[in-house]
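**Q** sequence and computational prediction follow.
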Amino acid sequence: MAEPRPLPDTLGFREFASLMGFRPSYVTELKGKGHLVLTEDGRRVRVAESRQLLADLADPSKAGVAARHAAARAAVSPSPSTAQEAGQGAAGGDEDGEDRAPVAYDDPLALRRARAQAEREEAALRKALREEQQELGELLQRDEVVAVIADAITTLRTGLENLPTVLSASLAAESAEERCRVILANGIEHALEELSRKCSAIGRHV
């Protein structure tokens, strides 16, 4: 059986996402949080160190170690101007001088743990975004919107169906065609205003 091909020391962000089974957007999020170990220019991911850091972050018993490593990397990161030019917020390799255990790249348990954590964080982000959009009135509850629209349509239908009964006496008393048109237009306009009032309540209702 052939031995697995060793991984390169560094990978681009998309290649690292493919290796880990992550979405590229999640790798971008990890980079922003300082959960990846990057090259000096901040353009590539140091594979072994980043895998080890993610494994430590996923293991509560190693959370303190991971925090110390992150602090050490922050201490040797490039200046803000250099980081901005490199297009990333946290930089550098592993300069803390501590020995690290070799990363088991073919360890299915470690991969499942990292992927599960990624999925939990993505779910939490989506939930927070939905709640924020609801508070700002940018996201409406489907069932409530459907209920308001159904009520508005029922109101319009009822108003139009009642027009003959409501306007028949007024129309019978008029002989001028123009006056009859005005009476009908006013009745229809009233029905449409009621529809508009109902629809305008959608945002307030939800």
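**A** Thanks, I have it.

**Q** mind giving me the packing neighbours of the helix ranked longest in the chain?
**A** Ordering each helix of the chain by length in residues (DSSP state H) puts helix 142-172 first. Counting contacts by 3 or more Cβ pairs under 8 Å, 6 or more residues apart in numbering; DSSP states H and E, helix 142-172 is packed against helix 177-205. Every C-beta, even on glycine, is put in place using the N, C-alpha and C of the backbone.

**Q** tell me the domain boundaries of this structure?
**A** With domains defined by automatic domain parsing, the chain comprises 10-135, 142-205.

**Q** low-confidence ranges, the protein, go.
**A** For the chain, the stretches with pLDDT under 70 are 1-5, 59-107, 134-139, 141, 201-206.

**Q** surely residue 156 meets residue 196?
**A** No - Residue 156 is beyond contact range of residue 196, at 9.8 Å (criterion: Cβ atoms under 8 Å).

**Q** compare neighbour counts for these two and give me the winner.
**A** residue 156 (17 against 12; other Cβ atoms under 10 Å).

**Q** skipping adjacent residues, who's closest to that one in space?
**A** In space, and not counting its chain neighbours, residue 156 is closest to residue 195: 4.5 Å by Cβ to Cβ, 6 or more residues apart in numbering.

**Q** hang on, isn't that neighbour packed against residue 154?
**A** No - Residue 195 is beyond contact range of residue 154, at 10.2 Å (criterion: Cβ under 8 Å).

**Q** who's more crowded, those two?
**A** Higher neighbour count among residue 195 and residue 154: residue 195, with 17 against 11, using other Cβ under 10 Å.

**Q** picking that back up, might you report the residue contacts of the residue nearest to residue 156?
**A** By Cβ atoms under 8 Å, 6 or more residues apart in numbering, the contact set of residue 195 is 152, 153, 155, 156, 159.

**Q** how does it look with 7 Å?
**A** 152, 155, 156 (Cβ atoms under 7 Å, 6 or more residues apart in numbering).

**Q** want to throw those residues into TSV with distance to residue 14?
**A** Shown next, in TSV, are the contacts of residue 195 (distance: Cβ to Cβ, whole Å):
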residue	distance to residue 14
152	48
155	54
156	53
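
**Q** closest to residue 172 out of these?
**A** Checking these against residue 172 by Cβ to Cβ gives residue 156 as the nearest, at 25.1 Å.

**Q** go ahead and confirm the closest one touches residue 191.
**A** Yes - counting by Cβ atoms under 7 Å, residue 156 touches residue 191, with 6.0 Å between them.

**Q** quick check: the closest residue in space to residue 54 that isn't next to it in sequence vs residue 52, distance?
**A** The shortest distance from residue 54 to any non-neighbouring residue, by Cβ to Cβ, 6+ apart, is to residue 114 (5.2 Å). Distance of residue 114 to residue 52, computed by Cβ to Cβ, to the nearest Å: 11 Å.

**Q** so which of these two has more stuff around it?
**A** The residue with more neighbours, out of residue 114 and residue 52, is residue 52; 22 against 19, by other Cβ under 10 Å.

**Q** any idea how far residue 165 is from that one?
**A** From residue 52 over to residue 165 (counting by Cβ to Cβ), the distance is 80 Å.

**Q** related to what we said a few turns ago, list the contacts of the residue nearest to residue 54.
**A** 20, 54, 55, 58.
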